[in-house]
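> Sequence and predicted structure below; questions after.
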Amino acid sequence: MSLLEAHSVTKTFAGISALNEVSLEVDSGELVGLIGPNGAGKTTFFNCLLGLLKPDGGSIRFDGKDLTRVPTHGRARLGIARTFQRIELFVGMTPRQHFLVADRVRTGRGALWKDLIHRGGPTRDEQARAQTTVDLLGLGAVADRPVESLSLGVGRLVEIGRALATQPRIVLLDEPSSGLDRGETAELAETLKTVHREHGTAILLVEHDVELVRTFVNRVYVLDFGTLIASGETASVFAEGAVRKAYLGDVV
Amino acid sequence: MTDVLGAVIRGLSFGSVYALLAVGLVLTYRTTGVFNLAFGPQAFLASAIFYDTHVTHHWPIYLALLFAVGVMSPLVGIVLERGLFRYLRTAGETAKLVSVLGLFVALPQMVILWFGPNAKDNGVGIVGHTGTVTYSPIHNVFVSRDDIAIIVTGLAVFIGLTAMLRYSAIGLRMRAVVESPRLTELAGVNADRSSMVSWIMSSAVAGIAGVLLTPVFAGQVVYSSYETLVIAAIAAAVVGGLGSIPLAYAGGLGLGVLQQILDRYLPTQSVFASGLRPALPFVVLFLVLIFSPKSTLRRAVSDPLSGVDPPPPAPAHLDRSATLTNATRGVGIVFFAGIAYYLFFHANDSWVDLAVRAAILSVIFLSVTVITGFAGQISLCQATFAAIGACATGQLATNQGLSVIPAMFVGAIIAAAVGALVAIPALRLGGIFLSLATLAFAFFFDHVLLNYSWIGGGSLPIAAPRPLMGSISFNSDKAFLVLTLIILTLVSIAVIWVRSGTTGQYLDAMRGSEVGAASIGINRNRARIVAFALSAAIAGLGGGLFASYERAANVDAHFAPEFGLVWIVLVVTLGSRTVEGAINAAIGFVFFEAVVLPTWIPFIIDHVQPWYHMSSLPAGLQPILFGLGAFTYAKHPEGILEFQKRRSLARIQALIDHFKRGGPAGATSSGVSDSKGPSVAAAGAGGQP
């Protein structure tokens, strides 16, 4: 049984079919890519997985559990974390606070009465874990600055850190490399590999950077106009004619 | 049967006025994104002008009507648009709502300043004194000319507006502006002009409604009739999800008819029925909000180009340097120690009384800090939570024999429970709808629930004794001041801890990005319910204190729904994120009431008297000033005091830097180690990277 199982997910916006019976599976600890040209429905698919959008048809299961009636925050607590294409950071908070909040939600330690007797602050363990995340992503220099003062690339790292701080079983990354230069992208790939190696976190990656996809994931799905046109081993998919035509044509 | 028909006809004329206001509300909301609570006051203004010109100064009706509806009402719209709402078009929902609340609080008092607070009789409608002529088309069914005039005018305005929005070019532009003012401007439309047109039109509609309404209230012109009117209009507008003009019109008519029919057939004896009658609009509003499917209540309009806006400024306590925080606390402690010394050893009783009131209000205002400052929600029923605390304290202490201090805390818990109960159904609505639901609840409590003897104590306020702890009695005001200050300190610390604790962090995260917060597993509704309950508990505790201090839970005098509006406007204006802001607001409120009004204002009046005759003290000056103060919120969401303080500190900082670099004191101040200058500068520089 796969960790994440999407079966025939369909979504229509005002008559335009954004997703047309898309099925996808990610196993525990697997690295999977989801590619496709702009407007193919990749982000819509992510939003359906997380429950931000309600699919018109199909089902999504996580670890054998049907997610249809589980709200977004409930899905996050089950172990699905994500980043956003247009970053959604907590304006006014520092990266470290982002990680602390995410960690606190995961452990569910927060309660109002603890706040009222001044036991609501971060514990030593939580501080240490937040520091680990800061180090992992190399955010030491900016960890205590408000996120609105950071560049887009660093903001993406903070989002990834926040997602990882929930210790998810799967992370959905929505174009993590956009806004990053070559070197930063390579570093990011290294970081993600470390996380994957150490925690066995599965990763579903939506990405435009073909090079990153090619080296990073084992399997890949290709979306075009809301329809899955290919899937399989990364190398073989990239070799297929239809994929090259739809998406990779002038890149490869 | 003829009975019902008569009620329906009367209901239609009532309902036409509701419907007109509702249509105006929807028009401004759809075309400017502003939910204009001040529609009632605007209607009142037009009606007052009409009365003054036609009845008092004997202008002919058409001239008075033209002046009130065709000139003055649009003028008010123009002034509001030019002076205020133009700058709010791209502002957030909270900023818009706070500004409108300020207007809602200030405008009626400004009109009363000129028109006088007392009801004026013998007003007429647009058909003049012949309006009372009645026809009887069917046996025993009577229709007056006023009724006909109202129904026909309402229908005509409705049809005209709908047609204009749907078919005319300006209508199309107006609808486009609200979707995205920036996109519309990029497409070559002058967004300022469209928004101006819509304000002129909606203000004129409010004016017509106001003038039409006079005969419905038996020719009496008094503000209190217009206040409940706006709630009825809101209920009607919400029927159509604030989006549909035809539904709003139908909702208004339906509400009017329902009210008249209930008026005729409800039993007259029961407390519930007699309370329900005037409160029907609130009940309907609350029920419509709670039970309408989510899909009909649209989310706030989201601008596709909103990304071009700079991010909202960080909450005050985050970008405040450590120096500033410490300096604030230091100065605060010294200042209050000085005041305390004076109060306890030198001041007379009236100053002690003011201090107690300010401290109690500070506690209550901290509830606004929690719900608005931390959770970012505008609750309009904070006064009601205080009232619940006060009543519960009185009931428990007087009728159940509980000792007073435990009674206060139980009262706070009861208030928290009620707060959670109000919040649970209302929270899924969010934004403006949540605020409206709290407003409806506030008026519902005041008009209906309070009349039950087991809540409000019947005709007289319930007594509530002063606390007695063992041999310590809090009978004297000074002793009570000590108790109040202790409770204020405890609540302040709790609020600060909540802000830095889990709850505060979750709420901060949600303010930063709701989607992001959900994506890490924060349960939005749960966090908000916690905030609501905590806020209600704090308000309830303050209410209990007030009841004990006054020895009675006098809800009408201190916790009427209108107070809640003034409070929230004041706290938000001065600074809703900090404990300090709440305390400043409370001191300001009490000081103004007790010192400025009775002493300074007569002085000013004495000197103005030769030019402008003012017979009595203008009691409404407080809401006017506080209400107008709310307009600064859009520019300084951190609060004007916080803004001024930061600016002053920045200047002090610059001065220190100047002397350090090359000024005459430069060498000594950096050389001598015990000087305070360098350390302040270093900490300040560290705090502002």
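Cool, the structure landed.
> make it CA atoms for all contacts and neighbour counts henceforth
Will do.
> near chain A, which residues of chain B?
Within chain B, the positions adjacent to chain A are B:311-315, B:318, B:494-495, B:497-498, B:500-503, B:505-506, B:508-513, B:515-523, B:530 by CA under 8 Å from any CA of the partner chain.
> hmm, which of those are the buried ones?
By neighbour count, with 16 or more other CA atoms under 10 Å in any protein chain shown, the residues of chain B next to chain A hold B:314-315, B:494-495, B:497-498, B:500-503, B:505-506, B:508-513, B:515-523, B:530 as buried.
> Filter those residues down to just the ones in helices.
Here DSSP state H is the test, and those give B:494-495, B:497-498, B:500, B:502-503, B:505-506, B:508-512, B:515-519, B:530 as lying in helices.
> Run through the helices of chain A in chain order.
Using DSSP H, helices in chain A cover A:42-50, A:72-78, A:95-107, A:112-116, A:124-137, A:152-165, A:182-199, A:210-216, A:234-239, A:241-243.
> Mind checking the ones you listed for the one nearest to B:L534?
Closest approach to B:L534 among the helices of chain A (CA to CA): helix A:112-116, 8.8 Å.
> what are the C-alpha coordinates of that closest one, in PDB please?
C-alpha atoms of helix A:112-116 as PDB (Å, rounded to 0.1, in the frame of the first residue of the first chain):
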ATOM      1  CA  LEU A 112      -4.100  28.100  26.900                       C
ATOM      2  CA  TRP A 113      -3.700  27.300  30.600                       C
ATOM      3  CA  LYS A 114       0.000  26.700  30.000                       C
ATOM      4  CA  ASP A 115       0.300  30.200  28.500                       C
ATOM      5  CA  LEU A 116      -1.500  31.600  31.400                       C
END
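> contacting residues around it?
A:120-121, B:494-495, B:497-498, B:500-503, B:530 (CA atoms under 8 Å, 6 or more residues apart in numbering or on different chains).
> biggest separation within those residues, which pair?
Top of the distance list for the contacts of helix A:112-116 (CA to CA): A:G121 and B:V530, 17.5 Å.
> can you list contacts of stretch A:70-80?
A:50-52, A:67, A:105-106, A:166-172, B:518-523.
> Now that stretch: average pLDDT?
For stretch A:70-80, mean pLDDT rounds to 90.
> which parts of it are buried?
Judged by neighbour count using 16+ other CA under 10 Å, the buried positions of stretch A:70-80 are A:72-80.
> Between those residues, which sits nearest chain B?
A:H73 (3.9 Å; CA to the nearest CA).
> and the closest one, how far is that from A:F90?
16 Å (CA to CA, to the nearest Å).
> Excluding sequence neighbours, find me the nearest residue to residue 162.
Unless you meant another one, I'm taking chain A. Here the nearest residue to A:R162 in space, its sequence neighbours aside, is A:F99; by CA to CA, 6 or more residues apart in numbering or on different chains that works out to 5.0 Å.
> Hmm, no, I was thinking of chain B.
Nearest residue to B:T162, sequence neighbours excluded (CA to CA, 6+ apart): B:I245, at 7.0 Å.
> Number of residues surrounding B:Y135?
12 (other CA atoms under 10 Å in any protein chain shown).
> Could you pull up the residues touching it?
B:142-145.
> repeat that for 10 Å
B:141-145 (CA atoms under 10 Å, 6 or more residues apart in numbering or on different chains).
> Pick out the most distant pair among those.
B:V141 and B:R145 (13.3 Å).
> what about these two, which has more around it?
Neighbour count, other CA under 10 Å: between B:V141 and B:R145, B:R145 has more, with 20 against 17.
> Now do the same for that one: its pLDDT.
For B:R145, the predicted pLDDT is 80.
> Please apply the same query to B:G677.
36.
> what's the neighbour count on the residue nearest to A:T12 when sequence neighbours are not counted?
Nearest residue to A:T12, sequence neighbours excluded (CA to CA, 6+ apart): A:A18, at 5.4 Å. A:A18 has 21 neighbouring residues, counting by other CA under 10 Å.
> now the angle from the helix or strand that contains B:R526 to helix B:502-512?
Using DSSP states H and E, the element containing B:R526 is helix B:524-550. Helix B:524-550 and helix B:502-512 are oriented at 120 degrees to each other (axes from the mean of the first three to the mean of the last three CA atoms, to 10 degrees).
> CA atoms only for stretch B:225-241, dumped as PDB, please.
C-alpha atoms of stretch B:225-241 as PDB (Å, rounded to 0.1, in the frame of the first residue of the first chain):
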ATOM      1  CA  SER B 225     -35.000  54.900  15.800                       C
ATOM      2  CA  TYR B 226     -32.400  55.100  13.100                       C
ATOM      3  CA  GLU B 227     -29.900  53.100  15.100                       C
ATOM      4  CA  THR B 228     -31.900  49.900  15.100                       C
ATOM      5  CA  LEU B 229     -32.900  50.600  11.500                       C
ATOM      6  CA  VAL B 230     -29.400  50.000  10.200                       C
ATOM      7  CA  ILE B 231     -29.400  46.600  11.900                       C
ATOM      8  CA  ALA B 232     -32.600  45.700  10.000                       C
ATOM      9  CA  ALA B 233     -31.000  46.900   6.800                       C
ATOM     10  CA  ILE B 234     -27.900  44.800   7.500                       C
ATOM     11  CA  ALA B 235     -30.100  41.800   8.100                       C
ATOM     12  CA  ALA B 236     -31.800  42.400   4.800                       C
ATOM     13  CA  ALA B 237     -28.500  42.900   3.000                       C
ATOM     14  CA  VAL B 238     -27.100  39.700   4.400                       C
ATOM     15  CA  VAL B 239     -30.000  37.800   3.000                       C
ATOM     16  CA  GLY B 240     -28.400  38.300  -0.400                       C
ATOM     17  CA  GLY B 241     -24.900  37.600   1.000                       C
END
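> And A:D181, its phi and psi?
Backbone torsions for A:D181, taken as degrees, to the nearest 10, come to phi -90, psi 180.
> B:E593 against B:L625, yeah?
No - with contact defined as CA atoms under 10 Å, B:E593 does not count as touching B:L625 (11.8 Å).
> shaky segments in the stretch 51-200 of chain A?
A:110 (pLDDT under 70).
> Same question for the stretch 401-550 of chain B.
For the stretch 401-550 of chain B, the stretches with pLDDT under 70 are B:428, B:430, B:458.
> rerun at 90
B:401-405, B:421-479, B:499-505, B:508, B:510-516, B:518-519, B:521, B:523-528, B:550 (pLDDT under 90).
> Look up how far chain B lies from A:F238.
32 Å (CA to the nearest CA, to the nearest Å).
> Which stretches in the stretch 51-200 of chain B count as strands?
Here the stretch 51-200 of chain B has its strands, by DSSP state E, counting those that start in this stretch, at B:134-138, B:141-144.
> mind putting these in CSV, distance to B:V283 included?
CSV is the format used below for the strands of the stretch 51-200 of chain B (distance: least, CA to CA, whole Å):
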stretch, distance to B:V283
strand B:134-138, 32
strand B:141-144, 28
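> Point out the most buried one among those strands.
strand B:141-144 (a mean of 18; mean count of other CA atoms under 10 Å in any protein chain shown).
> rewinding a little: quick one, which of the strands of the stretch 51-200 of chain B gets closest to A:G226.
strand B:141-144 (62.5 Å).
> Keeping just the C-alphas, turn that closest one into PDB.
The C-alpha coordinates for strand B:141-144 follow below in PDB (Å, rounded to 0.1, in the frame of the first residue of the first chain):
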ATOM      1  CA  VAL B 141     -58.000  47.600   5.100                       C
ATOM      2  CA  PHE B 142     -56.400  51.000   5.300                       C
ATOM      3  CA  VAL B 143     -53.600  52.500   3.200                       C
ATOM      4  CA  SER B 144     -52.300  55.900   4.000                       C
END
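> now that strand, how far from the centre of its chain.
Relative to its parent chain, strand B:141-144 has a centroid offset of 39 Å by CA atoms, centre = their mean, to the nearest Å.
> which other helices and strands contact that strand?
Packing contacts for strand B:141-144, counted by 3 or more CA pairs under 10 Å, 6 or more residues apart in numbering or on different chains; DSSP states H and E, involve helix B:2-32, strand B:134-138.
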